[in-house]
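> Pasting the sequence and the predicted coordinates here, then a few questions.
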Amino acid sequence: MKRGIEAAFNVANANGGVYGRQLRLVAADDGYEPTRTAVAMRELYEKKQVFGLVGNVGTPTAVVALPYALDRKMLFFGAFTGAGLLRNDPPDRYVFNYRASYAEETAAVVNYLVKVRRLLPEQIAVFAQQDAYGDSGFAGVEKAIRSLRGGNASPILWLKYQRNTVDVEDAVAQLQQYNAQLQQKKRPPIKAAVMVPTYRAAAKFIEKTRDLYPDMIYTSVSFVGSTALADELMLLGKKYATGVIVTQVVPAVDGHSSLVLDYKSALAKYFPGEAPDYVSLEGYVDASVLIAALHHNGAQLDTEGLVETLENLRDLDIGLGTPVIFSRSDHQGVHRVWGTQLNETEHYQPIDLQ
């Protein structure tokens, strides 16, 4: 995330900055642990006196960071999370998201599983981190399944693991037990696991269940980090990696759109040797939207003025194939979800989710 933002900032700075001023990313590390987030936020606000926040990583961390930012009227832009807490209706004044929400990612994949892969809604389980991140993903699946059933709720198998661990044994045991009960009742087994994980836990879950259920379809939301997940699975072997689906909030990294080519050339120039990937591309897009807003804003910069500029940013074309649009009632720039699937050569191929 940091690399992608810095790549875009470096390109902008090389082109004269924003009205002659240079952009600088100041990073503080909370280790993806909300207990450390308050300290990181204080460091950025009190010591570093940053203008605003961009690219906050994670949902549990945002639970702590967001109230702090809102209390101080700080811009909270382009967080790397699709959680609902950043998407209030009407939106919080200082919060702007680039990406599709987890609810949108999971809805897209549930619709794909039911309409394209012809699964029954009750054949879909959720494997999720046991915190605000996992909860938001589960809520998205639940809502999508409810709408497919004409508004009727039904129980969904919810398999959980603890954040910053790979303790998936309970989840695996629960899946086996549940499938055994279904078999006794002569009902179809679970055929798909919608994952709302980090990459190591996802890989461990696939490793422990792939041989038990060779036909299982595994999908994950974008936060997993596609490259990291692919690398982890390929260490286990091709049979674990092949066919895994990841929803994305940016276009295909292997594509040849102007945006992706610009990103790759910035990455090669400023971070030689670093491979392109979906997370740093999201950081690059985040920063590109923010830079465009700063240019639209004019030379006199303050938070309230930038918020007004963002709320009036319409049809910004940065090459996504879909325009970035903000308004007073919608602080999420893009609602599109792209589908990708791992093939045998550790590459993500675009797939049509419709």
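Cool, the structure landed.

> these two touch, right, Ser226 and Gln341?
No: between Ser226 and Gln341 there is no contact under C-beta atoms under 8 Å: 10.6 Å. In this view, the C-beta of every residue, glycine as well, is placed from N, C-alpha and C.

> who's more crowded, these two?
Ser226 (22 against 16; other C-beta atoms under 10 Å).

> quick one: that one from Ile5, how far?
18 Å (C-beta to C-beta, to the nearest Å).

> one step back: any common contacting residues for Ser226 and Gln341?
Taking C-beta atoms under 8 Å, 6 or more residues apart in numbering as the contact rule, Ser226 and Gln341 both touch 246, 348.

> ranges for the helices of this protein?
Secondary structure of the chain (DSSP state H): helices located at 2-14, 34-42, 59-71, 102-111, 132-148, 169-184, 199-209, 226-236, 238-241, 258-270, 278-297, 303-311.

> Look up the closest residue to Ser101, ignoring the ones flanking it.
Gly82 (4.3 Å; C-beta to C-beta, 6 or more residues apart in numbering).

> I figured that neighbour was touching Gln248, is that so?
No: between Gly82 and Gln248 there is no contact under C-beta under 8 Å: 11.4 Å.

> Could you tell me which residues touch both of the two?
Residues touching both Gly82 and Gln248 (C-beta under 8 Å, 6+ apart): Ser222.

> Between these two, point out the one with more neighbours.
Gly82 (29 against 23).

> what's near enough to touch the more buried one?
By C-beta under 8 Å, 6+ apart, Gly82 lies in contact with 99-105, 136, 221-223, 249.

> And the furthest pair within these?
Ser136 and Val249 (14.2 Å; C-beta to C-beta).

> And these two? Which one has more around it.
Val249 (27 against 24).

> Verify the contact between that one and Val337 for me.
Yes: the criterion here is C-beta under 8 Å, and Val249 meets it with Val337 at 6.7 Å.

> who touches both of those two?
With C-beta under 8 Å, 6+ apart, Val249 and Val337 have common neighbours 100, 105.

> And for Ala299, nearest residue in space, chain neighbours not counted?
In space, Ala299 is closest to Tyr19, 4.2 Å off (C-beta to C-beta, 6+ apart).

> Burial check on the one you found, number of neighbours?
12.

> before we move on, what about Glu282?
23.

> now swap in Ser101 and tell me
23.

> ok so, going back, pLDDT for the contacts of Gly82 - can I get that in JSON lines?
Below are the contacts of Gly82 laid out as JSON lines (pLDDT from 0 to 100):
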{"residue": "Arg99", "pLDDT": "97"}
{"residue": "Ala100", "pLDDT": "97"}
{"residue": "Ser101", "pLDDT": "96"}
{"residue": "Tyr102", "pLDDT": "94"}
{"residue": "Ala103", "pLDDT": "92"}
{"residue": "Glu104", "pLDDT": "95"}
{"residue": "Glu105", "pLDDT": "96"}
{"residue": "Ser136", "pLDDT": "93"}
{"residue": "Val221", "pLDDT": "97"}
{"residue": "Ser222", "pLDDT": "96"}
{"residue": "Phe223", "pLDDT": "95"}
{"residue": "Val249", "pLDDT": "97"}
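
> How about the contacts made by Thr106?
Neighbouring residues of Thr106 by C-beta under 8 Å, 6+ apart: 137, 140-141, 144, 194, 196, 221, 247.

> can you pull the contacts of the closest residue in space to it that isn't next to it in sequence?
Spatial nearest neighbour of Thr106, chain neighbours left out: Gly140 (3.4 Å); criterion: C-beta to C-beta, 6+ apart. Under the criterion of C-beta under 8 Å, 6+ apart, the neighbours of Gly140 are 101-107.
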